[in-house]
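1. model this:
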Amino acid sequence: MTDTRLEKILDCAADLFFKVGFRKTNVEDIARESGVSVGILYGYFENKSCLFSGVLKRLINKDFYNNVTDFPLRQKDFTGLEHEYQSTMARYINEFAAPLRQRREDYTFDLMLGDAFDLIAPLGTANMVLDANPRMCPIIFRSFIKFKVDICSLIEGYLRFYMTTNEVRTLLRPDVSARFILESIYWWGSIDHYKDFDSSKALISRYYIRAICLKALYYGHYRIQE
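-> Down below sits the predicted model:
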């Protein structure tokens, strides 16, 4: 996205929708946090509901705004958003499940974690926003719940497979370990809430977030070779 002002509006809107909730967030709040006037914000989105849809649209289709020429966006511009989420979630599940179905021994634990992070982390913000506002888009919310259940089940399947190949240590509850991996990636891949610990410091780059998260998950589960 080349429009930095629009990007800032979407970022601040997602942050407020997550932390405060859709109903308690005012357009004025989003404009103030974005550093723009209310008039400029309405020049991009017809109303707050459209902005909520716009946040979800960017999280599932990053190229969408590069092709928009007619502002402000209206709710009709987001027709089919529910189906887009459902079809994208289904495609992600099929792609992530393929190596497990094939029992590929060359698909190592670290590769699986890396693919899981690259798949799940970009959806982290959508996950947080939807969890905080489940009634705004119930169909998409239910799609996300199913996606999380399916992904968690696949990660558990991978862990069980890696235990048989002695790449992962024996786990008492692979299902709980899978949930931990999923939630860890969602947490670190979501909105930059980690800046709340010390807002005076520069944000951690996505590169280091990925590296640190994957290393912690890997060494928390791998089998030490004697």
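2. which helices and strands sit right next to the helix or strand of the chain with the lowest mean pLDDT?
-> In the chain, no helix or strand scores lower on mean pLDDT, DSSP states H and E than helix 124-132, which sits at a mean of 88. Packing partners of helix 124-132 (3 or more C-beta pairs under 8 Å, 6 or more residues apart in numbering; DSSP states H and E): helix 4-19, helix 48-60, helix 138-164, helix 174-189. The way it works is simple: take the backbone N, C-alpha and C, and place the C-beta from them, glycine included.
3. okay if I get those as a markdown table plus mean pLDDT, mean neighbour count and distance to residue 32?
-> Listed next are the helices and strands packed on helix 124-132 as a markdown table, based on pLDDT from 0 to 100; neighbours: other C-beta atoms under 10 Å; distance: least, C-beta to C-beta, whole Å:
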| stretch | mean pLDDT | mean neighbour count | distance to residue 32 |
| --- | --- | --- | --- |
| helix 4-19 | 93 | 20 | 9 |
| helix 48-60 | 94 | 21 | 14 |
| helix 138-164 | 96 | 18 | 28 |
| helix 174-189 | 93 | 19 | 27 |
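4. Pop the domain breakdown of this protein in here.
-> Under automatic domain parsing, the residue ranges defining each domain of the chain are 4-78, 81-219.
5. distance between the ends of the longest one?
-> Taking C-alpha to C-alpha, to the nearest Å, the first and last residues of domain 81-219 lie 38 Å apart.
6. Check stretch 105-114 too.
-> Stretch 105-114 has its terminal residues 16 Å apart, counting by C-alpha to C-alpha.
7. Contact partners for the nearest residue to residue 147 once chain neighbours are set aside?
-> What sits nearest to residue 147 in space, not counting adjacent residues and going by C-beta to C-beta, 6 or more residues apart in numbering, is residue 89, at 4.3 Å. Contact analysis of residue 89 by C-beta atoms under 8 Å, 6 or more residues apart in numbering lists 143-144, 146-147.
8. Next, count neighbours for residue 109.
-> For residue 109, the count of nearby residues is 19 (other C-beta atoms under 10 Å).
9. likewise residue 172?
-> Counted with other C-beta under 10 Å, residues neighbouring residue 172 total 6.
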